[in-house]
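>>> Any chance you can model this:
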Amino acid sequence: MAYTNIDDPTIYFNTKLTNGNSSTQAITGLGFQPDWIWGKQRTGTQNPQLLDAIRGANNILVSSDTAANLADSNILNSFDVDGFTLGSQDQLNDTGATYAFWCWKANGTGSANTDGSINTTKTSASTTSGFSICQYTGTGSAATVGHGLGATPEWLIIKSSSGTEQWVIGNQASGFTKNLHFLTAGLNTSTSIFNDTAPTSSLFTVGTNSGTNGSSQTYMAYCFAPKRGFSSMGSYLGNGNADGTFVHTGFKPAFVLIKSTSSGRDWLLGDNKRLGYNGGNKASIPNGNNAEEALALDYTSSGFKLRTTGNPNVSGETFIFMAFAAAPFVNSSGVPVTAGV
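Down below sits the predicted model:
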């Protein structure tokens, strides 16, 4: 029985930890040429920076801010065959500071997708890993956009790169009548964001709201379809106990992104590279410029287990999550993952 089609998840997602030097710095050993990079200063208060191959290395979006795309020739010099080259800007490369970079592979700079009523300027899609990046121009009228995955995405993260609209996050667990922003606020109900329509294996739908489809605005959409043994999206109910909820993913996680659908909770982003030990993990805050903080969960061979009475395990609250694998629980040859992977 095949448990995964990706025996080595690190060729599609990987985390790199670096030390800043305030000068051009090549970061190597990633294992692939990244198409989407999400970087954050670990110990300081710089905002999280998002860069992708479609917009080009010198263009920034900030998950903790509503600002439009910012061009900065010193933030990231290039996407490289085995990593990336940083510029001198202190947001991602300050002397004495440490950084975490979460990196995904799609399919390079991509090409136009004409499946939807809006033709994308470019869509960069990996059908194997279930991740695509789409750039499109809004019309102000309900429309569809081709995501290129050949599978139904369960998460959409969308930002106007030309305007100051909020980030919009839609997910299947909450339903596409609802959405979240990169804020502490809980779920919003709006039929005009996704036109009250769930994505299909070829398209996602946008309504008339300027968060996803303002007339003549340019948008970036990051689309995620679950792949067995590599990625998992869903929800769980917090139990408010230090012996907390266990969340099954079907693999040992390398990355988790979690948010309570209730108001007042930060987004939490954790990974397997900043481990001190299970129970002593670290989280970054995508909705803020905070330094990293403790993340009380254990990564196991088949999921993650919460170890806190608070966020992200508050009693009675629903949490959504997206996770990517360090290793599948069982590979395509039927061999189980070892505890040390």
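
>>> Tell me the spacing between the residue lying closest to Ser232 once chain neighbours are set aside and Pro312.
Using Cβ to Cβ, 6 or more residues apart in numbering and skipping the chain neighbours, the partner closest in space to Ser232 is Thr249 (4.0 Å). In this view, the C-beta of every residue, glycine as well, is placed from N, C-alpha and C. In this view, Thr249 and Pro312 are 14 Å apart by Cβ to Cβ, to the nearest Å.

>>> Pull the contacting residues for Phe176.
Neighbour list for Phe176: Gly170, Ile193, Phe194, Asp196, Thr197, Ala198, Pro199, Thr205 [criterion: Cβ atoms under 8 Å, 6 or more residues apart in numbering].

>>> Tell me how many other residues crowd the closest residue to Thr18 other than its chain neighbours.
Spatial nearest neighbour of Thr18, chain neighbours left out: Tyr99 (4.9 Å); criterion: Cβ to Cβ, 6+ apart. Using other Cβ atoms under 10 Å, Tyr99 has 23 other residues around it.

>>> how close does Tyr99 get to Gly39?
Tyr99 is 6 Å from Gly39, by Cβ to Cβ.

>>> Residues that sit against both of those two, list them.
Leu92.

>>> tally of neighbours for the residue nearest to Ser232?
Counted with other Cβ under 10 Å, Thr249 comes out at 27.

>>> go on, Asn5?
13.

>>> Could you confirm Gln91 falls within a strand?
No: under DSSP: H, G, I helix; E, B strand; the rest coil, Gln91 sits outside any strand and is assigned helix.

>>> Apart from its neighbours in sequence, what residue is nearest it?
In space, Gln91 is closest to Gln46, 4.7 Å off (Cβ to Cβ, 6+ apart).

>>> what about that neighbour, distance to Thr109?
27 Å.

>>> Between these two, which is the more surrounded one?
A direct count of neighbours by other Cβ under 10 Å for Gln46 and Thr109 places Gln46 higher, at 22 against 16.

>>> low pLDDT regions in the stretch 151-300 of the chain?
276-277 (pLDDT under 70).

>>> Outline the domain layout of this protein.
Here the domain assignment for the chain is 12-104, 122-224, 232-328, based on automatic domain parsing.

>>> can you put these in CSV and add distance to Thr114?
Listed next are the domains of the chain as CSV, based on distance: least, Cβ to Cβ, whole Å:
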stretch, distance to Thr114
domain 12-104, 16
domain 122-224, 7
domain 232-328, 27
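
>>> And those domains: which comes nearest Pro336?
Judged by Cβ to Cβ, the one of the domains of the chain that comes nearest to Pro336 is domain 232-328, at 7.4 Å.

>>> what's the span of stretch 72-92, first residue to last?
Distance across stretch 72-92, first residue to last, is 12 Å (Cα to Cα, to the nearest Å).

>>> what's next to that stretch, contact-wise?
Contacts of stretch 72-92 with the rest of the structure, by Cβ under 8 Å, 6+ apart, involve 16, 18, 20, 22-35, 37, 39, 41, 46-47, 49, 51, 53, 57-60, 93, 97, 99, 101, 103.

>>> can you do 6 Å?
Applying Cβ atoms under 6 Å, 6 or more residues apart in numbering, the contact partners of stretch 72-92 are 22-23, 25-28, 30, 33-34, 39, 46, 49, 51, 53, 57-58, 60, 93, 99.

>>> What of stretch 181-199?
63, 142, 152-153, 166-168, 170, 174, 176-179, 205, 207-209, 211-212, 261-264, 266, 286-287.

>>> how about it: buried residues?
181-184, 186-188, 190, 193-197, 199 (16 or more other Cβ atoms under 10 Å).

>>> can you redo these as a markdown table with secondary structure?
Below are the buried residues of stretch 181-199 laid out as a markdown table (three-state DSSP):
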| residue | secondary structure |
| --- | --- |
| His181 | coil |
| Phe182 | coil |
| Leu183 | coil |
| Thr184 | coil |
| Gly186 | coil |
| Leu187 | coil |
| Asn188 | strand |
| Ser190 | coil |
| Ile193 | coil |
| Phe194 | coil |
| Asn195 | coil |
| Asp196 | coil |
| Thr197 | coil |
| Pro199 | coil |
